[in-house]
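Colleague: Task: produce atomic coordinates for the following.
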Amino acid sequence: MCFQPLKILNSAYLFIQSETFSLKLIHILNSLQFTESSSSVYKREYTSKNELKEILSFLHSEGISLHTYPASISRQNTPVFYKDQTLYTIYNHTFHEGILHIITSGDLESHLQPIVHLQSSELYGFESLLRDMSGQYSPYQLFDTAQKTNLHSFLDKRAREVAIKSRGSLVPKGIKSFINFLPSTIYSPEHCLEHTFKLVEKHKVSPDDLVFEVVESEKIEDIDHLLNIFQVYRKNGMKVALDDVGSGFATLETLKLLQPDYAKIDRAYISYCDQSKEKENFLKEIVAIGNEYGISILAEGIERKEELEFSRDLGIQYGQGYYIEKPSLSPLLLKQINMKLQVTS
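Modeller: Residues are numbered from 1 along each chain as shown. As a prediction, the model looks like this:
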């Protein structure tokens, strides 16, 4: 996680758009001590969260922009003024209390999905996928709410923490761990990734066993910034991956520019790839790029035996998907995975 510094505009207003603000706001909201919220149009005193929800719901239903609507909240007679996106942030904090509790309390765990070598059917690694322990919320809900409440950097850090800790206790040396990260939360790689590197050392994880991959939800707009992040990971002995190649911003041209250690093909090109000449040609092109630039290629979303065999025959080195094994908290033992693949292949 990397905290953005607070920007003081003047003595009366704090312009805060970081997880620091969000964590403080959660504490304020949980205190149930709202005394005033005012603007040039509305002035209202609150005594409970329900009353706050009512006015925010009214503003939202009336189509009033919560992004720019000015407001102030005071707690215990000590006013703290928020400007610009505050009401929008408060709205999301107030209406997503359950998810925010999961994010901030640390009730998170890492589910592991096996990645296999397609030629030998041997286990190569696991992708670490963040889940809430209650199973009540999907990963999308967690990260979407974190984004809306300025906690995406906070959650991104927690995801890396959970993945590295679980790897230290569950995954033996020599087996790779693929861990997602959000480039937008890492404004200074040397500084922001320092905590991650300390965790790796603390849990006695071999850096060479870690692969950090750009998640599919991120827009790749600043190639130079992402290259800088890749460089810092590699300098510390780790590998990097580009996820969902062929989808959105992860184009073949981007792949050539970034030249990651691994390229994970978007599952849309793997699904029924054995029945589509267009998909076959696309996969052949990725394999050719991988051979030219020294990039290992991985097929995601393998759900049929035919997809596994077709990907393997095209020269794709690695694969993962429900056909191989679903993500789980306690994945199959290594020998069981190998035996399963040998039986079904």
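
Colleague: those strands in this structure, which residues are they?
Modeller: Counting by DSSP state E, one finds strands in the chain at the ranges 7-8, 14-15, 37-38, 43-44, 71-75, 78-82, 108-117, 123-132, 176-181, 210-214, 239-245, 262-265, 296-299, 318-319.

Colleague: got those as TSV, with mean pLDDT and distance to K148 columns?
Modeller: Quick note: C-beta positions are derived from backbone N, CA and C, even for glycine. Compiled in TSV, these are given as follows (pLDDT from 0 to 100; distance: least, C-beta to C-beta, whole Å):
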stretch	mean pLDDT	distance to K148
strand 7-8	27	20
strand 14-15	29	18
strand 37-38	42	20
strand 43-44	42	23
strand 71-75	42	17
strand 78-82	37	16
strand 108-117	93	18
strand 123-132	94	17
strand 176-181	95	19
strand 210-214	95	21
strand 239-245	94	22
strand 262-265	97	27
strand 296-299	98	31
strand 318-319	98	34
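
Colleague: Among these, show me which one is buried the most.
Modeller: The highest mean neighbour count among the strands of the chain, using mean count of other C-beta atoms under 10 Å, belongs to strand 262-265: a mean of 27.

Colleague: by contact count, what packs against it?
Modeller: Under the contact criterion of 3 or more C-beta pairs under 8 Å, 6 or more residues apart in numbering; DSSP states H and E, strand 262-265 touches strand 210-214, strand 239-245, helix 277-293, strand 296-299.

Colleague: The first one packs against which elements?
Modeller: Taking 3+ C-beta pairs under 8 Å, 6+ apart as the contact definition, the neighbouring helices and strands of strand 210-214 are strand 176-181, strand 239-245, strand 262-265.

Colleague: between those strands, which one is nearest to A146?
Modeller: Smallest distance to A146 across the helices and strands packed on strand 210-214 (C-beta to C-beta): 13.1 Å, for strand 176-181.

Colleague: Export the helices and strands packed on strand 262-265 as JSON lines, with columns for distance to E194.
Modeller: Converted to JSON lines, these look like this (distance: least, C-beta to C-beta, whole Å):
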{"stretch": "strand 210-214", "distance to E194": "14"}
{"stretch": "strand 239-245", "distance to E194": "17"}
{"stretch": "helix 277-293", "distance to E194": "29"}
{"stretch": "strand 296-299", "distance to E194": "27"}
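
Colleague: what's near enough to touch the closest residue to E127 other than its chain neighbours?
Modeller: Leaving aside its sequence neighbours, E127 sits nearest to F178 (C-beta to C-beta, 6 or more residues apart in numbering; 4.2 Å). F178 makes contacts with I115, G125, F126, E127, S128, V211, F212, E213, A241, Y262, as judged by C-beta atoms under 8 Å, 6 or more residues apart in numbering.
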